[in-house]
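Trainee: Got a sequence here, can you model it:
(2 chains)
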Amino acid sequence: DGGITQSPKYLFRKEGQNVTLSCEQNLNHDAMYWYRQDPGQGLRLIYYSQIVNDFQKGDIAEGYSVSREKKESFPLTVTSAQKNPTAFYLCASSPGTSGLGQYFGPGTRLTVT
Amino acid sequence: AQSVAQPEDQVNVAEGNPLTVKCTYSVSGNPYLFWYVQYPNRGLQFLLKYITGDNLVKGSYGFEAEFNKSQTSFHLKKPSALVSDSALYFCAQISSGSARQLTFGSGTQLTVLP
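Mentor: Alright, predicted model coming up:
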């Protein structure tokens, strides 16, 4: 899983609560990404950031928010507006902004009941 | 829209036999293609990539992939499967344009039977 850490590994929340997932990298990578993984659907891009203080929506950004105040950190907040938040969330980073060679963290499994 | 297709949800192969996990892509121009592997409740591990050059790309753990432009395919292969190769495999491509996002296939569960 390289130099990317995600915490916690498992997270449980009640419906209606916001929850923030942590992602930290010590690879000095410029770009960072958040994906959501559901069974049989592969990975879908939620948000990405190519530089500090800047981020872009991915394919399924609704109900999520991010910040990129530091190069090494890219936390994801799953808000109460996300209709179906239970999923496996993966953070990734890559050197430069080419997208080539993305390195993935170990993931956080979020369960909302 | 650009997409990656993995037509098989599940592939079973006996240990010691060759394995193939299929992937087709759709992108204009020259594609950048990747294979990743995922073990249960873990992140994705990079196996190999095709950017340019030889159509046969060699990667980690004895895996290789053959880029076929005419068939728009990038199948993952290994000459002799191991039980420890059992995992979920994802094919992915980089989108064109400035965003350079990875688009993933739906994944193929490989089971190697002892």
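
Trainee: quick one: contacts for residue B:20?
Mentor: B:11, B:75-77 (C-beta atoms under 8 Å, 6 or more residues apart in numbering or on different chains). Glycine gets a C-beta too; all of them are placed from N, C-alpha and C.

Trainee: Return the residues of chain A in contact with chain B.
Mentor: Chain A comes close to chain B at residues A:1, A:4, A:6, A:9, A:33, A:35, A:40-45, A:48, A:56, A:58, A:88, A:90, A:92, A:97-107, A:109, as judged by C-beta under 8 Å from any C-beta of the partner chain.

Trainee: If any of these are buried, put those into a PyMOL selection.
Mentor: In PyMOL, a selection of the buried entries from these looks like this (16 or more other C-beta atoms under 10 Å in any protein chain shown):
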select buried, chain A and resi 4+6+33+35+42+43+44+45+48+58+88+90+92+97+99+102+103+104+105+106+107
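
Trainee: Among the residues of chain A next to chain B, which ones are in strands?
Mentor: A:4, A:6, A:33, A:35, A:43-45, A:48, A:56, A:88, A:90, A:92, A:103-104, A:109 (DSSP state E).

Trainee: Determine which two of the residues you listed are furthest apart.
Mentor: Greatest spacing in these, by C-beta to C-beta: A:56 and A:109 (25.3 Å).

Trainee: strand partners of the lowest-mean-pLDDT helix or strand in chain B, parallel vs antiparallel please.
Mentor: Between all helices and strands in chain B, the lowest mean by mean pLDDT, DSSP states H and E belongs to strand B:102-104, at a mean of 87. Sheet partners assigned to strand B:102-104 using DSSP bridges are listed as strand B:87-94 (antiparallel).

Trainee: Find the nearest non-adjacent residue to residue 48, please.
Mentor: Picking chain A for this. residue A:33 (4.5 Å; C-beta to C-beta, 6 or more residues apart in numbering or on different chains).

Trainee: Wait, chain B was what I had in mind.
Mentor: Residue B:48 sits nearest to residue B:59 (C-beta to C-beta, 6+ apart), 2.6 Å away.

Trainee: residue contacts, that neighbour?
Mentor: Residue B:59 neighbours (C-beta under 8 Å, 6+ apart): B:35, B:47-49, B:65.

Trainee: Next: residue B:33.
Mentor: Neighbours of residue B:33 in contact, by C-beta under 8 Å, 6+ apart: B:23, B:25, B:49-50, B:65, B:67, B:74, B:91-93.

Trainee: got those residues as JSON lines, with distance to residue A:73 and pLDDT columns?
Mentor: Converted to JSON lines, the contacts of residue B:33 look like this (distance: C-beta to C-beta, whole Å; pLDDT from 0 to 100):
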{"residue": "B:23", "distance to residue A:73": "33", "pLDDT": "97"}
{"residue": "B:25", "distance to residue A:73": "33", "pLDDT": "92"}
{"residue": "B:49", "distance to residue A:73": "27", "pLDDT": "92"}
{"residue": "B:50", "distance to residue A:73": "32", "pLDDT": "91"}
{"residue": "B:65", "distance to residue A:73": "34", "pLDDT": "97"}
{"residue": "B:67", "distance to residue A:73": "36", "pLDDT": "94"}
{"residue": "B:74", "distance to residue A:73": "34", "pLDDT": "97"}
{"residue": "B:91", "distance to residue A:73": "30", "pLDDT": "95"}
{"residue": "B:92", "distance to residue A:73": "25", "pLDDT": "93"}
{"residue": "B:93", "distance to residue A:73": "28", "pLDDT": "90"}
